[in-house]
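[1] predicted model, plus sequence, below.
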Amino acid sequence: KKKWVPCKMIKSCIIGLSKIGQIHKKKKKKIKNTSLNFVYDKNLTLRKKTAKKFKCKTSNSFEEILRNKEIKLFIIASPTITHEYYLNKLIQYKKMIYCEKPISLNSSKLNSLVKKIKTNKIKICIGLNRRFSDAYIKMKKLIKNKKVKIIQIISRSSNANVHQSVRNGGLFMDKGFHFFDLACWFANSYPNKIITIANPLSTKEFLKNNDYSDAVINMKFKNKVIVEYTFSRNSRLGHEERIKLFGNGFKIDSNKFFKKSIIYKNFDIKHKESYFKCLKKFVHLNKNLLLNEGIQTQKICDKVLES
């Protein structure tokens, strides 16, 4: 099937102007037939400064932007605790939605949100952008027609902020989400057994905020692939992200696909082009993108917490 390419200019608004919002603003200009017309953030100073810098509009009232029928596409890059609120508003006004992961912090309301999305025929994408990272695409191609048996995933961050972690859903929703999704993507399957060790490994600062600083997770997938995760909010090297794929006669290491100069850089540097590629594909498709994958990954996060 041919890709659907919009012939009219799609006018857009970015919600949330912290790190992820800043990435989207810079990449948005590169997508044909789209324009950035509004930005919105609860921080008055930030939204005015950003609107001025990118020569677009803002408003003191989010409802005012919603009522503007010309603004079709909304990019949710705000903290996860706000996702449910903005999703409900955008569904009500039948807007096109690109939502950063996860869909919602409230898993009990996930089914209700998804039902509204489908009932109202909302075009939506969940931002599982690491699938569009050049390094991981190359790894995915290398395992075509090969049987992966073991996947090892390491993610360690430096300068962790416990309050930022909590408002984005904690260690598993904030950090783990992308890696749970990548494991499913590489394995072409979903887990049916999960063992998590987090409490004895975590610092008091995170534990008193009902979060974890460190965790080791083992998963067995339906197709018998074993996945081992190591997560930490502490790292002396910088931001360490490494994925290894093992099978009969092969080992594929993600470090070989990144320039040495960026191996320990933050995700916004290491995967900066993936945000653009994911959003571009969504805009040019006449259907939802990665919604079901986002739903499944959110359910995995819940099972990790339960285990």
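    Okay, I see it. As the structure is a computational prediction, the values presented were derived from the model and not from experiment.
[2] helix, strand or coil for the residue lying closest to Phe179 once chain neighbours are set aside?
    Closest residue to Phe179 apart from its sequence neighbours, by Cβ to Cβ, 6 or more residues apart in numbering: Ile153 at 4.9 Å. (C-beta placed from N, C-alpha, C; glycine too.) What DSSP: H, G, I helix; E, B strand; the rest coil gives for Ile153 is strand.
[3] so what's Ile153 scoring on pLDDT?
    Predicted confidence (pLDDT) for Ile153: 98.
[4] please apply the same query to Lys1.
    pLDDT, Lys1: 47.
[5] likewise for Arg167?
    The model's pLDDT for Arg167 equals 89.
[6] number of residues surrounding it?
    16 (other Cβ atoms under 10 Å).
[7] ok, and the closest non-adjacent residue to it?
    Closest residue in space to Arg167, ignoring its immediate chain neighbours: Pro79 at 4.6 Å, by Cβ to Cβ, 6+ apart.
[8] per-residue pLDDT, that neighbour?
    For Pro79, the pLDDT comes out at 91.
[9] give me the neighbour count for Ile226.
    17.
[10] for it, what are its contacts?
    Lys149, Ile150, Ile151, Asn218, Met219, Lys220 (Cβ atoms under 8 Å, 6 or more residues apart in numbering).
[11] repeat that for 6 Å
    Neighbouring residues of Ile226 by Cβ atoms under 6 Å, 6 or more residues apart in numbering: Ile150, Lys220.
[12] how close does it get to Gly21?
    To Gly21, Ile226 is 37 Å away according to Cβ to Cβ, to the nearest Å.
[13] cool, Ile124 as well?
    18 Å.
[14] again, but for Arg233
    22 Å.
[15] looking at those two, which one has more neighbours?
    Higher neighbour count among Arg233 and Gly21: Arg233, with 25 against 21, using other Cβ under 10 Å.
[16] look at that one and report its pLDDT.
    In this model, Arg233 carries a pLDDT of 94.
[17] that one touches Ala160, doesn't it?
    Yes - assessed by Cβ atoms under 6 Å, Arg233 is found in contact with Ala160 at 3.4 Å.
[18] which stretches of the protein form helices?
    19-28, 44-53, 62-67, 83-92, 110-119, 134-142, 162-167, 170, 177-187, 204-207, 267-270, 272-283, 291-306 (DSSP state H).
[19] residue nearest the middle of this structure, spatially speaking?
    Closest to where the C-alpha atoms of the chain average out (Cα atoms, centre = their mean) is Lys101, at 3.8 Å.
[20] helix or strand with the lowest mean pLDDT in the protein?
    Ranking every helix and strand in the chain by mean pLDDT, DSSP states H and E puts helix 19-28 at the bottom, with a mean of 79.
[21] could you pull out the buried residues of that helix?
    For helix 19-28, the neighbour count (16 or more other Cβ atoms under 10 Å) marks Ile20, Gly21, Ile23, His24, Lys25, Lys27, Lys28 as buried.
[22] out of these, which one sits closest to Ile295?
    Nearest to Ile295 among the buried residues of helix 19-28: Ile20, at 20.5 Å, using Cβ to Cβ.
[23] with adjacent residues omitted, what lies nearest to that closest one?
    Ala77 (4.2 Å).
[24] ok, that neighbour - how many residues close by?
    Neighbour count of Ala77, defined by other Cβ under 10 Å: 25.
[25] contacting residues around it?
    For Ala77, the contact set (Cβ under 6 Å, 6+ apart) comprises Gly16, Ile20, Gly21, His24, Glu100.
[26] roughly how far apart are His284 and Ile10?
    10 Å.
[27] ok, now Asp302?
    Plainly put, Asp302 is 34 Å away from Ile10 if you go by Cβ to Cβ.
[28] neighbour count: these two, which is higher?
    Comparing Asp302 with Ile10 by other Cβ under 10 Å, the one with more neighbours is Ile10, at 17 against 14.
[29] that one bridge partners, please.
    Here Ile10 sits in beta bridges with Thr34, as judged by DSSP bridges.
[30] contacts only, for it.
    Contact partners of Ile10, counting by Cβ under 6 Å, 6+ apart, are Thr34, Lys72, Leu73.
[31] and it, how far is that from Phe74?
    11 Å.
[32] just to revisit the earlier point, tell me the helices and strands packed up against the least confident helix or strand of the chain.
    Under the contact definition 3 or more Cβ pairs under 6 Å, 6 or more residues apart in numbering; DSSP states H and E, helix 19-28 sits against strand 10-15, helix 272-283.
[33] most tightly packed of those?
    strand 10-15 (a mean of 23; mean count of other Cβ atoms under 10 Å).
[34] one step back: and the helices and strands packed on helix 19-28 as TSV, adding mean pLDDT?
    Below are the helices and strands packed on helix 19-28 laid out as TSV (pLDDT from 0 to 100):
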stretch	mean pLDDT
strand 10-15	95
helix 272-283	93
